[in-house]
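*Asks:* here's my sequence, what's the structure:
(chains A, B, C and D)
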There are 2 protein chains.
Amino acid sequence: MKISELAKHAQVKVDTIRYYEKRQLLPTPKRTHSGYRIYANSDLKRLLFIVQAKGLGFTLEEIRQLLCLQSGKTDCVQVRNIAKRKSAEIALRIERLSQIKYILDALADQCEQQEDDECPILKSLENSNE
Amino acid sequence: MKISELAKHAQVKVDTIRYYEKRQLLPTPKRTHSGYRIYANSDLKRLLFIVQAKGLGFTLEEIRQLLCLQSGKTDCVQVRNIAKRKSAEIALRIERLSQIKYILDALADQCEQQEDDECPILKSLENSNE
DNA sequence: CTTGACCTGTGACCATACTCCATAGTTTAT
DNA sequence: ATAAACTATGGAGTATGGTCACAGGTCAAG
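*Replies:* Coordinates of the predicted model:
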């Protein structure tokens, strides 16, 4: 697969792929004799993961770390620690998103009942900031 | 409350508060006769919400929209639609984060058992990209 | 009534994450 | 065999979200 094909499958620009390579999120790919980058299916999967994680608000650096956990490039104890820490971070994130979702749903409901005086958004946060 | 006090309570810089004001995330505050910004508790709550939402990966523009739902600045039908759309977006986000968390937990477990050949990160994404 | 901490606005600067451009070599379709 | 389409590199430019510096006004304490 050449770079433009990879780009199309992942819905990103060619430049973005080269940028991710420079930032070490994608491995340095094989090249044709003339220097064109050649990608495999595993590269597409990796790229799709990056795109998805980015959509979830992770920085490229965080994503790089997540992807690093894979390859035996880090020793077991470190992997376990990083994985556990990230997992806890994500759990907190999920909790907070659930809170906001709850508020939005309440807002939509309330709105359906034409009572538009009160703001549940700030209200429900009054007692909930860690 | 003066700006530096507000900044301290929310753990952000004074400049950031002025920036949020310019970006319309915070209302233009009252001023003392000499021009100093004066903030109330409600401003602190709003600011804390902004900080939290930012940590969850929302852009300032998205946060502005969320905060707009509050004030009767949008009509009921619009509020309901936006709230429902955002709620659905967040649900998807929660789902994906749960997926990544699951992978990380699996990775930590697996690591505990010293079997470090396989990468569950990419593996478990093989069949799950929307 | 001065000293020092705090406030003001404006504008320059920074990091992240792209995105585009110029120039040049490669491949492909006619 | 030649134009159109693709690829390469390097470097500049953009958008977002701040952050800092400067010059000057304000206020409370000694």
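*Asks:* can you report how many residues lie near A:Q70?
*Replies:* 17 (other Cβ atoms under 10 Å in any protein chain shown). For glycine as for every other residue, the C-beta is placed from the backbone atoms N, C-alpha and C.
*Asks:* sorry, wrong one. I was asking about A:D75.
*Replies:* 10.
*Asks:* excluding its backbone neighbours, what's nearest A:A7?
*Replies:* A:V14 (4.8 Å; Cβ to Cβ, 6 or more residues apart in numbering or on different chains).
*Asks:* same question for A:L107.
*Replies:* Closest to A:L107 by Cβ to Cβ, 6+ apart is B:A83, at 4.7 Å.
*Asks:* and the longest helix belonging to chain A with helix B:76-112, angle?
*Replies:* What stands out as the longest helix in chain A, according to DSSP state H, is helix A:76-112. Helix A:76-112 runs at 160 degrees relative to helix B:76-112, counting by axes from the mean of the first three to the mean of the last three Cα atoms, to 10 degrees.
*Asks:* quick one: distance of helix A:76-112 to the chain centre.
*Replies:* Taking Cα atoms, centre = their mean, to the nearest Å, one finds helix A:76-112 lying 13 Å from the centre of the chain it belongs to.
*Asks:* buried sites along it?
*Replies:* By neighbour count with 16 or more other Cβ atoms under 10 Å in any protein chain shown, helix A:76-112 contains the buried residues A:79-80, A:82-84, A:86-87, A:89-90, A:93-94, A:96-97, A:99-101, A:103-108, A:110-111.
*Asks:* what do you get for stretch A:36-53?
*Replies:* A:37, A:39, A:43-53.
*Asks:* quick check, nearest of those residues to DNA strand D?
*Replies:* DNA strand D lies nearest to A:R37 out of the buried residues of stretch A:36-53, by Cβ to the nearest atom of the strand, at 3.2 Å.
*Asks:* rewinding a little: list the contacts of the residue nearest to A:A7.
*Replies:* A:I3, A:S4, A:A7 (Cβ atoms under 8 Å, 6 or more residues apart in numbering or on different chains).
*Asks:* what about it, distance to DNA strand C?
*Replies:* 8 Å (Cβ to the nearest atom of the strand, to the nearest Å).
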